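Novice: Provided below for reference: sequence and predicted model.
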Amino acid sequence: MRKVNQKGWLFVLPVVILVAFNALVPMMTVVNYSVQETFGNNQFFWHGLGWFQDILRSERFHAALGRQVLFTVTILLIEVPLGIAIALAMPRKGFWVPVCLVTMALPMLIPWNVVGAMWNIFALPDIGLLGYFLNHVLGIDYNMTRDPVAAWITIIVMDVWHWTSLVVLLCYAGLVSIPDAYYQAARIDGASNWAVFRHIQLPKMKHVLTIAVLLRFMDSFNIYTEPFVLTGGGPGNSTTLLSIDLVKMALGQFDLGPAAAMSLIYFSITLLVSWLFYTLMTRHDTH
Amino acid sequence: MKKRAIIPILYIIFLMLPVYWLVAMSFKTTQEILGGFSLFPQRWTLASYRTILTDPTWYWGYINSIIYVTLNTVISVTVALPAAYAFSRWRFLGDKHLFFWLLTNRMAPAAVFALPFFQLYSAIGLFDTHLAVALAHCLFNIPLAVWILEGFMRGVPKELDETAFVDGYSFPRFFARIFLPTIKSGVGVAAFFCFMFSWVELLLAKTLTAVYAKPIAATMTRTASSAGYELGLLAAAGTLTIIPGAIVIWFVRNYIAKGFALGRV
């Protein structure tokens, strides 16, 4: 049991000051914009909750939110099972372990716009490796600047490429923490591979999987740079995810009020889903 | 047993293909790139790399990025250390809420903060400095560092602290001489993740800089859009941004997975 010691506040003070400076001041600015109307000249008028109502009713927001949910759900459904499968198949010791870890972690350390640019070059129809292969070897008509379906598939494959390793690394960390004795006991009982997975490996991975899903949810829901560099939200609006739409509204059209209201709604959705998931996953834990 | 190895092998091939293509592009001449498809560079050239390493607007991009990333890593880990210690050892008023609040900052979309950050850092006169980017990245890196370090510190038995105090160590001396060396792998992991998230972030870094602290990633976007199709140059610049990450990852390879797994969720 940890001791009660109010001196703890002194220790966390620098963290609180720095994070609060970065979080609260901009957040208050956003709240401030979200309830005001401006006609230029830096003159602002009270607008109440008008922007919030507008955003919640706007087709544009619904469409962007729909695309965002579709994107996040799809990548979670691919990355989580795939990550678990790869982690299960990875060697536990020996020369190949560091090789696997380093090569797998590499995509996560590439700046996000380079990831977008790299996939752009990779997917160019006539001179990119992927584009050339699809168009000229397999004979599939592939051009992501024209075809929304191709753009969607490319964005999803790019995200799987970029982030599946996070799930792999976390699951792998959970798996190596299982003592050999568990497997020996299972073998003596004649347990099938599935039973070992279901009753030994999966429960041991629950904690790390919670972290993996949470991180992947938050980051994919907030994704901006990679799809922006890859497709710019197009063709048309087909890959305009929430953040891309938000930046378009705030910095492109300079509609500060609606953009601020949208930011707050957006942030609340992320917060609510994360909190619900976190509460559900830790409900049965005894502390 | 051996049959299973096919899955990681296929996965790694999939991961390496786009990287290979980027590197291959960087050694090709512009004519070759635009002239048609070739799996390997036909005429190897270092022209793109030469441009980047001799043109100050290019190589200063790298220096700027490395400066603010290092600054951010140092700030984040330094302030996170005492906080993580307090969270792992003591209970105090509102500690759980504070911990959750810190984590919520990891959930805020950077796009939400871009404009207010610009106004805030302009108002305090830090716009276009390395410090501005380093401080802004603290928003998501400090919570992460606290989270990782707290996990490692909880694994250290409290008896270590108590014995040291009985032996007459003062708190600062105990912390520097005994505690820090015990959790040095945790510090390594936290620093790695701070480095990583500061290195890959572009939106805030680009918003907060104009000329003097412009990150390499922003220099690249300019080339990609304005100077036409200089794909070779873009590919070479991209390849160079992978190298620092690869070096850092090699040093912490045995701890990466552990760092996240130990955090408390």
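Specialist: Right, received. Where do you want to start?
Novice: Please list all residues in contact with A:Val168.
Specialist: Remark: with contacts taken as CB atoms under 8 Å, 6 or more residues apart in numbering or on different chains, A:Val168 is in contact with A:83, A:86-87, A:90, A:104, B:11. The C-beta positions use only the backbone N, C-alpha and C, and glycine is treated the same way.
Novice: Secondary structure class of it, three-state.
Specialist: When classified by DSSP: H, G, I helix; E, B strand; the rest coil, A:Val168 comes out as helix.
Novice: Indicate the residue of the stretch 101-250 of chain A located nearest to chain B.
Specialist: Residue nearest to chain B within the stretch 101-250 of chain A: A:Leu109 (2.8 Å; CB to the nearest CB).
Novice: which residue sits closest to that residue in space, ignoring its chain neighbours?
Specialist: B:Gly245 (2.8 Å; CB to CB, 6 or more residues apart in numbering or on different chains).
Novice: Could you tell me how many residues sit around the one you found?
Specialist: B:Gly245 has 21 neighbouring residues, counting by other CB atoms under 10 Å in any protein chain shown.
Novice: can you tell me if stretch A:74-93 touches chain B.
Specialist: Yes: Stretch A:74-93 lies within reach of chain B by CB under 8 Å from any CB of the partner chain, at A:85-86, A:88-91.
Novice: Now restrict these to buried residues only.
Specialist: By neighbour count, with 16 or more other CB atoms under 10 Å in any protein chain shown, those hold A:85-86, A:88-90 as buried.
Novice: Correct me if wrong: A:Lys7 contacts B:Trp90.
Specialist: Yes: with contact defined as CB atoms under 8 Å, A:Lys7 reaches B:Trp90; the gap is 7.3 Å.
Novice: My read is that the residue nearest to A:Leu109 contacts A:Val114, right?
Specialist: No: B:Gly245 is not in contact with A:Val114 according to CB under 8 Å; the separation is 10.1 Å.
Novice: Out of the contacts of A:Val168, flag the one nearest to B:Leu102.
Specialist: Closest approach to B:Leu102 among the contacts of A:Val168 (CB to CB): A:Gly83, at 26.2 Å.
Novice: who's in contact with the closest one?
Specialist: By CB under 8 Å, 6+ apart, the contact set of A:Gly83 is A:164-168, A:170-171, A:212.
Novice: picking up where we left off before, least confident of the buried ones among the residues of stretch A:74-93 next to chain B?
Specialist: Least confident of these in the model: A:Met90, at 86.
Novice: Does that residue touch A:Tyr172 like I think?
Specialist: Yes: counting by CB under 8 Å, A:Tyr172 is a contact partner of A:Met90 at 5.9 Å.
Novice: Can you get me the centre-to-centre distance for the helix or strand encompassing A:Cys100 and its chain?
Specialist: If you go by DSSP states H and E, A:Cys100 is part of helix A:96-105. Using CA atoms, centre = their mean, to the nearest Å, the mean C-alpha position of helix A:96-105 is found 22 Å from that of the whole chain.
Novice: Please apply the same query to stretch B:20-38.
Specialist: 29 Å.
Novice: Same question for stretch A:121-137.
Specialist: 27 Å.
Novice: start to end distance for it?
Specialist: 18 Å (CA to CA, to the nearest Å).
Novice: Would you mind giving the secondary structure of the residue nearest to A:Leu109?
Specialist: Secondary structure assignment for B:Gly245 (three-state DSSP): helix.
Novice: And the pLDDT for the residue of chain B found nearest chain A?
Specialist: Of all residues in chain B, B:Gly245 sits closest to chain A, at 2.8 Å by CB to the nearest CB. pLDDT, B:Gly245: 85.
Novice: before we move on, the earlier item: would you mind measuring from the residue of the stretch 101-250 of chain A closest to chain B to B:Ala246?
Specialist: Noted for A:Leu109: a distance of 7 Å to B:Ala246, by CB to CB, to the nearest Å.
Novice: Ok, A:Lys206 next?
Specialist: 32 Å.
Novice: B:Trp199 is in contact with the residue of the stretch 101-250 of chain A closest to chain B, correct?
Specialist: Yes: counting by CB under 8 Å, B:Trp199 is a contact partner of A:Leu109 at 6.8 Å.
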